[in-house]
Each structure stands twice: as C-alpha cells, then as structure tokens.
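K.L.:
Got a predicted structure plus its sequence, pasted below:
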Amino acid sequence: MTSRPFSRTTPPTSAGAQLRHLRQQAGLSQLDCALITGLSQRHLSCIETGRAKPSPGTLHNLLTALDVPLERCNDIFLASGYAPRYETTPLTSSTMEVVRAAIDHILHANNPAPAIVLDAQWDILAANASAGVLFDLVGLAREAAEGLNLLVTLLQPGGLGDHLSNAEEIRLVAWQRASREALSNPALAEILKSLPAPHSAALANELPPLLLTRVDSSQGELRFMSTFTTFGMPLDITMSSLRIEHLIPADTRTWEVMTTAYKKTQHSH
C-alpha cells in the first residue's frame with residue numbers, strides 16, 4: 001500500500017487571498033475572471049490584495065463564477081466580515097418537500113436501471129427498486145442498498161467491490177475522485193483514511209472512451225454506464241452536495257436481465 005495521496009495544506013486566511021487562490025486553482029487570469037464577472041481588473045486586483053472590500057453581491061458573483069462549494073463560500077463571507085450566506089437544510093425538512101419529490105420521481109423513472117442518491121460523504125441516502133434488484137443479483141442483502149457508504153462498499157473487502165469484474169479500475173477511479181473531494185471535505189477525508197488505497201497501476205495504458213462498471217452476478221456479467229444528476233443552481237449546502245448516480249445498462253443483455261428481474265419484484269408486491 002502507498003501513503004494517502006491527498007494532503008490538506010493550510011489555506012489562505014484573508015478573503016482576498018482565498019479568492020486569489022481559488023482563481024488560480026481555476027486556471028483563470030485576473031483579466032479572465034474580470035471579464036466573466038463584469039468587474040474591472042483593477043477592482044479585482046484590489047479585492048485580492050485586500051485594498052478593497054467586496055460587497056456581498058460582488059462576493060457572490062465572484063464565488064459563483066469560480067464554482068466554489070457553498071460551504072467554502074460561507075467561510076469566505078465570514079472572512080469578509082459578513083454573515084454566512086448559505087444554510088444546510090436537512091433533507092427531511094418540510095421546506096425540502098419539493099426536492100424529495102423530485103428525487104423520488106427521478107429514482108422511479110430510472111427503473112429498471114439502478115439509481116442511488118449520494119451525499120457529500122458518499123452515503124447512500126435512497127435507492128430505487130432496481131438498485132435492490134442488482135444487490136440481489138450479486139448476493140448482497142437488498143436492504144443494504146440504502147444506508148451504505150458507496151466508497152466503503154467499493155473499497156473494503158466483502159462489499160460491492162468484490163463483485164466487480166474490473167474492481168481495481170473502478171476502485172482507483174472512485175478513490176481518485178473522492179481524494180479530490182476530500183481536499184475541501186474533512187469528513188470524507190476521515191473516511192478515506194480508514195480505507196485501503198487501490199493500486200495506482202490498475203488502469204491499462206489504452207483506455208476505452210467510457211469506463212464501464214462490470215458486475216459479476218448470478219446471471220453472468222452485467223455491464224453499466226455511470227452517469228450523475230445534480231441540482232442546477234443550488235443555494236443550499238445540502239442540495240449542492242446531493243447527486244444521483246444512474247447505472248444505465250450498456251448492452252441489450254443487461255437491459256433484459258434487469259427488466260426481467262425488476263418485473264418479478266413488482267409482481268411479487
């Protein structure tokens with residue numbers, strides 16, 4: 001095993017320095033950023049050096065243009081002397097009813113293809129019936145589809161990762177993505193520290209244009225494409241962290257197996 005591939009460096013503390021750091025991370029020059037946000041390059045320079053204090057509207061404009069996670073946005077608003085702007089509303093709250101309804105609709109519409117809802121820590125918050133079907137087909141408890149951590153079940157022995165034909169490839173891609181996210185997510189970083197790191201040489205030199213998830217099941221190998229749905233223009237930290245992963249069957253046989261198994265579960269109810 002190798003040492004953990006991510007490290008948390010101490011970020012700049014002043015709002016201007018943080019904005020400069022974020023702009024540079026985004027690969028934008030001051031001129032590029034000024035053009036995108038409608039600010040003058042001189043004003044942006046003054047903000048970054050601390051010679052000018054941005055208004056809340058200007059700060060929001062800059063952070064949106066730089067696609068900064070909302071939780072980090074709150075830190076920068078605080079560093080600028082303003083109250084945090086974005087809330088973390090529980091998904092169970094009455095104000096999130098429309099969000100829950102949208103999620104239920106998407107999950108149901110995805111059948112007979114599996115779909116799961118993930119939060120920022122990769123916890124599975126909800127899953128459709130076909131995700132339970134897939135768990136059945138690999139010999140895992142159907143009820144386990146909800147309440148699991150996807151990263152844990154992929155990387156730890158005895159989980160879903162053990163039922164993938166191309167486990168090392170999927171594990172490496174999942175690890176790399178989670179490591180990037182962990183740079184701004186301490187809770188996820190702690191989860192990663194407890195998990196075995198995959199071998200970095202898992203990917204072949206010549207890769208296809210799309211990495212498929214290949215599942216060993218009681219019906220033979222099933223092949224899926226992975227896509228994600230996120231909420232557009234979220235203004236709440238909970239909503240910005242949610243994503244729905246869709247496992248779309250990648251061939252006719254996988255569609256047939258999933259459709260038949262899903263219909264059987266519907267008849268049994």
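P.N.:
Ah, there it is. Residues are numbered from 1 along each chain as shown.
K.L.:
Could you tell me how far stretch 34-44 lies from the centre of the chain?
P.N.:
Taking the mean C-alpha point of stretch 34-44 and that of its whole chain, the gap between them comes to 31 Å (CA atoms, centre = their mean, to the nearest Å).
K.L.:
cool, stretch 244-253 as well?
P.N.:
Chain-centre distance of stretch 244-253: 18 Å, with CA atoms, centre = their mean.
K.L.:
So which bits of it are buried?
P.N.:
Applying a neighbour-count criterion of 16 or more other CB atoms under 10 Å, one finds Ile244, Glu245, His246, Leu247, Ile248, Pro249, Ala250 buried in stretch 244-253. (Glycine included, C-beta is placed from N, CA and C.)
K.L.:
Pipe those residues into TSV and attach distance to Pro209 and pLDDT per row.
P.N.:
Output for the buried residues of stretch 244-253, formatted as TSV (distance: CB to CB, whole Å; pLDDT from 0 to 100):
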residue	distance to Pro209	pLDDT
Ile244	23	97
Glu245	19	97
His246	18	97
Leu247	18	97
Ile248	15	97
Pro249	18	98
Ala250	12	97
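K.L.:
now the strands for the stretch 1-150 of the chain?
P.N.:
Secondary structure of the stretch 1-150 of the chain (DSSP state E, counting those that start in this stretch): strands at 115-118, 124-127.
K.L.:
An error on my part: the question was meant for the stretch 151-269 of the chain.
P.N.:
For the stretch 151-269 of the chain, the strands defined by DSSP E, counting those that start in this stretch occupy 213-217, 220-229, 243-249.
K.L.:
Let me have the ones you listed in TSV, adding distance to Thr89 as columns.
P.N.:
Supplementary listing: the strands of the stretch 151-269 of the chain in TSV, determined by distance: least, CB to CB, whole Å:
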stretch	distance to Thr89
strand 213-217	32
strand 220-229	19
strand 243-249	17
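K.L.:
quick one: which of those strands is nearest Arg85?
P.N.:
With CB to CB as the criterion, Arg85 lies closest to strand 243-249 of the strands of the stretch 151-269 of the chain, at 22.1 Å.
K.L.:
strands paired with the closest one, and their directions?
P.N.:
strand 115-118 (antiparallel), strand 220-229 (antiparallel) (DSSP bridges).
K.L.:
how much space is there between Thr153 and Ala187?
P.N.:
17 Å (CB to CB, to the nearest Å).
K.L.:
Could you list the low-pLDDT ranges of the stretch 151-269 of the chain?
P.N.:
Per-residue confidence for the stretch 151-269 of the chain (pLDDT under 70) gives these ranges: 201-207, 268-269.
K.L.:
For stretch 225-233, buried residues please.
P.N.:
Under the neighbour-count criterion of 16+ other CB under 10 Å, stretch 225-233 has Met225, Thr229, Phe231 buried.
K.L.:
Appreciated, that's everything.
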